[in-house]
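1. Quick one, structure for this:
(one chain, ligands or ions: 1)
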Amino acid sequence: MSSSRRLFFALTLPDALQQQVIRWRAESFTPEAGRPVAAANLHLTLAFLGDVSAQKETALKKLASRISQPGFSMVLDDLGHWPRPGVVWLGTRRAPRKLLQLAELLRSQAARSGCYQSPMPFHPHITLLRSATQPVAIPPATPGWIFSADAFALYQSVFENGRTRYQMLEQWPLANQDNP
Ligand code: 3AM
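-> Have a look, this model is predicted:
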């Protein structure tokens, strides 16, 4: 019998950046704005995979291990609110081509492996607040952090005790880092 797990590929925020973002978030949004995503859950989704069987998970890990893409940096200088899913997010006005290529590669591999991929264009973002369905005062600017990505990871979304926790299952390096 095979079990399935809810999976996605994502970039992990380095610890120092994670801490800077949550400190700034606490000063920048009121508690009414939405429910803060736990620091350890902050990530940039590259490809959502949905419920994946153990067999398909093994195949996806094999494909991921063969990816040879370069690392990249991006400036986190964009903020937005999507009232429909109720999400306040942090992103970039200039998505590096290498980020878009990595996401496209993972999404097309996922689609070929039978994971449904949304036809919506990829909008790289880090979800900061959830349940943000009411109008939110979005700060005019971010501190402009630099997010350097030197690896990508496969995560499992675990729902337990009324909470979602993202657990990293495996991580793969990106090749030599260069400029944004
Ligand atoms: O936190 P973000 O927005 O990056 O919204 C979910 C979260 O992304 C997204 O996958 C990430 C990990 O759960 N997600 C959840 N269900 C989804 C779906 N059906 C989805 N993305 C696309 N389609």
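2. With the ligand in mind, check whether the strand or helix carrying Ser108 reaches it.
-> In this structure, Ser108 sits in helix 97-112 according to DSSP states H and E. No. Judged by C-beta under 6 Å from any ligand atom, helix 97-112 makes no contact with the ligand; its nearest approach is 10.4 Å. Any C-beta I mention is one placed from the backbone N, CA and C, and that applies to glycine too.
3. Quick check, pLDDT for the residue nearest to Leu13 when sequence neighbours are not counted.
-> Of all residues not flanking Leu13 in the chain, Leu42 sits nearest, at 4.8 Å (C-beta to C-beta, 6 or more residues apart in numbering). Looking at Leu42, its pLDDT reads 97.
4. what residues does the helix holding Ser108 touch?
-> With contacts defined as C-beta atoms under 8 Å, 6 or more residues apart in numbering, helix 97-112 is touched by 9, 46-47, 49, 60, 63-64, 67, 69-72, 74, 117, 122, 124, 149, 152, 174.
5. Write the ChimeraX selection for whichever of these are buried.
-> To isolate the buried ones among the contacts of helix 97-112 in ChimeraX, judged by 16 or more other C-beta atoms under 10 Å, type:
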select :9,46,47,49,60,64,67,69,71,72,74,117,122,124,149,152,174
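6. Please list the members of the contacts of helix 97-112 that lie in helices.
-> The members of those that map onto helices under DSSP state H are 60, 63-64.
7. Go through those residues and name the one nearest the ligand.
-> The ligand lies nearest to Leu60 out of the ones in helices among the contacts of helix 97-112, by C-beta to the nearest ligand atom, at 15.0 Å.
8. Quick check: residues of the chain near the ligand?
-> So the chain meets the ligand at 8, 45, 48, 118, 127, 157 (C-beta under 6 Å from any ligand atom).
9. Find the centremost residue of this structure, please.
-> Leu44 (1.9 Å; C-alpha atoms, centre = their mean).
10. got a list of what it touches?
-> Applying C-beta under 8 Å, 6+ apart, the residues near Leu44 are 10-11, 13, 124-126, 147.
11. Dump these into TSV; add pLDDT as well.
-> As requested, the contacts of Leu44 are exported to TSV (pLDDT from 0 to 100):
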residue	pLDDT
Ala10	98
Leu11	98
Leu13	96
Pro124	98
His125	98
Ile126	98
Phe147	98
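12. Out of these, the closest to Ala132 would be?
-> His125 (13.0 Å; C-beta to C-beta).
13. Nearest residue to that closest one in space, please, no chain neighbours.
-> Closest to His125 by C-beta to C-beta, 6+ apart is Trp89, at 3.8 Å.
14. my guess is Ser113 meets Lys61, correct?
-> No. Between Ser113 and Lys61 there is no contact under C-beta atoms under 8 Å: 10.7 Å.
15. what touches both of the two?
-> What both Ser113 and Lys61 touch, as defined by C-beta under 8 Å, 6+ apart, is an empty set.
16. Cool, thanks, talk later.
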